[in-house]
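Asks: The following comprises the amino acid sequence and a computationally predicted model.
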Amino acid sequence: MPHLIDTHAHLALHQFDADREAVISRALEAGVARIVEVGYDLPSSRAAVALAEAHPAIYAVVGLQPNHAHEAPPDWLEQVRALAAHPRVVAIGEIGLDYYWMRAPAALQEQVFRAQLALARELALPVVIHSRDAHADTLRVLADGAHGLAGIMHSFSGDWAYARACLELGFLLSFSGMLTFGKATELHEVARQAPLAMLLTETDSPYLCPHPHRGKRNEPAYVRLVTERLAALRDEPLPVIAAQLWANAERIFPRMTRHRDA
């Protein structure tokens, strides 16, 4: 069984309160050897670090997601910086822009986004990008604010033109359960055309559950279904795809490799 990695999960959410340890065990049994727990505000970022401390297979990402930009205390950036010093924190995220919910004004979202890009550059960490209904502005901010940064377009859902623009910036595309949906034809085309060295798979648990479990609670074990769909779309063996995705994750998250080798 090839080793798999879920590069984006939210196991600290209340949906897992009743069976979190069982969910983690099922992932390991399914061959998911690593899980990246991603924060979206200060409490969830602290919870991500705690999970990473408690489980050798889990690594943390810390940051302020755009839908929570208006809730942050004045010292939020210093708090993120302090959390990012933890050796099991592998990136700053999820950060970006969200014009679907628009829970914070666009100007504030961009200010918080740019501040965290600068922090990631200062700390030499990659970034995990959340972009919903904001592709043009996300590309604009990344084009002039992410020089020298490595990053991931989390739960990528755009067309090939958007994918190509992200790839030209050097950002990896991470596919979630949407890749398994039959009508996601534009996404399927991106999965076929993009260089395999620039791809990742994730669950975004508990959201975006893949087929055939669509509509249910997602969990990291199901990243196998996303990876299998990617292999089928590219007409390549699952072990080949899984091995390259593992290498891609280690490349984008260098702290993960350093911690393993320590």
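Replies: In hand now; what should we look at?
Asks: tell me the contacts of the spatially closest residue to residue 126 that is not a sequence neighbour?
Replies: Once flanking residues are discounted, residue 126 sits nearest to residue 150: 4.2 Å by C-beta to C-beta, 6 or more residues apart in numbering. Placement of C-beta: from N, CA and C, glycine included. By C-beta atoms under 8 Å, 6 or more residues apart in numbering, residue 150 lies in contact with 126-127, 170-172, 252.
Asks: now those residues as CSV including neighbour count and distance to residue 118?
Replies: Formatted as CSV, the contacts of residue 150 follow (neighbours: other C-beta atoms under 10 Å; distance: C-beta to C-beta, whole Å):
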residue, neighbour count, distance to residue 118
126, 23, 14
127, 28, 11
170, 14, 17
171, 24, 17
172, 27, 21
252, 22, 19
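Asks: Could I get the contacting residues of residue 92?
Replies: 61-63, 80, 84, 116, 119-120, 123, 125-128.
Asks: Can I get the contacts of residue 150 in CSV including secondary structure, distance to residue 223 and pLDDT?
Replies: Converted to CSV, the contacts of residue 150 look like this (DSSP: H, G, I helix; E, B strand; the rest coil; distance: C-beta to C-beta, whole Å; pLDDT from 0 to 100):
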residue, secondary structure, distance to residue 223, pLDDT
126, coil, 19, 98
127, strand, 21, 98
170, coil, 24, 97
171, strand, 20, 98
172, strand, 15, 98
252, helix, 16, 98
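Asks: which one among those gets closest to residue 56?
Replies: Among the contacts of residue 150, residue 252 lies closest to residue 56 (C-beta to C-beta), at 19.8 Å.
Asks: residues in contact with the closest one?
Replies: 91, 126, 150-152, 172, 200.
Asks: Quick check: which ranges of the stretch 151-262 of the chain have low pLDDT?
Replies: 259-262 (pLDDT under 70).
Asks: and if we set it to 90?
Replies: 257-262 (pLDDT under 90).
Asks: residue ranges for the helices of it, please.
Replies: Per DSSP state H, counting those that start in this stretch, the stretch 151-262 of the chain carries helices over the ranges 160-168, 185-193, 223-234, 238-252, 254-261.
Asks: which of those helices is buried the deepest?
Replies: Ranked by mean neighbour count, the helices of the stretch 151-262 of the chain are led by helix 223-234 with a mean of 22 (mean count of other C-beta atoms under 10 Å).
Asks: Quick one: residues in contact with it.
Replies: 4-6, 27, 30-32, 175-177, 179-180, 188, 191-192, 196, 199, 201-203, 210-211, 213, 237-238, 240-242, 245.
Asks: Skip the chain neighbours and tell me the closest residue to residue 37.
Replies: Among residues not flanking residue 37 along the chain, residue 48 sits closest, at 4.2 Å (C-beta to C-beta, 6+ apart).
Asks: what helices or strands is the host helix or strand of that neighbour leaning on?
Replies: Secondary structure from DSSP states H and E places residue 48 in helix 42-54. Judged by 3 or more C-beta pairs under 8 Å, 6 or more residues apart in numbering; DSSP states H and E, helix 42-54 is in contact with strand 32-38, strand 58-62, helix 76-84, strand 89-98.
Asks: following the longest one, which helix or strand shows up next?
Replies: Which is strand 89-98. helix 106-123.
Asks: residues of that following helix that come out buried?
Replies: Across helix 106-123, burial judged by 16 or more other C-beta atoms under 10 Å covers 109-110, 112-113, 115-117, 119-121.
Asks: Of the residues you listed, which pair is most distant in space?
Replies: Largest separation among these by C-beta to C-beta: 109 and 121, giving 19.0 Å.
Asks: Now residue 175. Nearest residue, chain neighbours left out?
Replies: The nearest residue in space to residue 175 (C-beta to C-beta, 6+ apart) is residue 201, at 5.3 Å.
Asks: roughly how far apart are that neighbour and residue 154?
Replies: 11 Å (C-beta to C-beta, to the nearest Å).
Asks: list residues touching both of those two?
Replies: residue 174.
Asks: neighbouring contacts of stretch 180-194?
Replies: For stretch 180-194, the surrounding residues in contact (C-beta under 8 Å, 6+ apart) are 156-160, 163, 167, 173, 175, 178-179, 199, 210-211, 214, 225-226, 229-230, 233-234.
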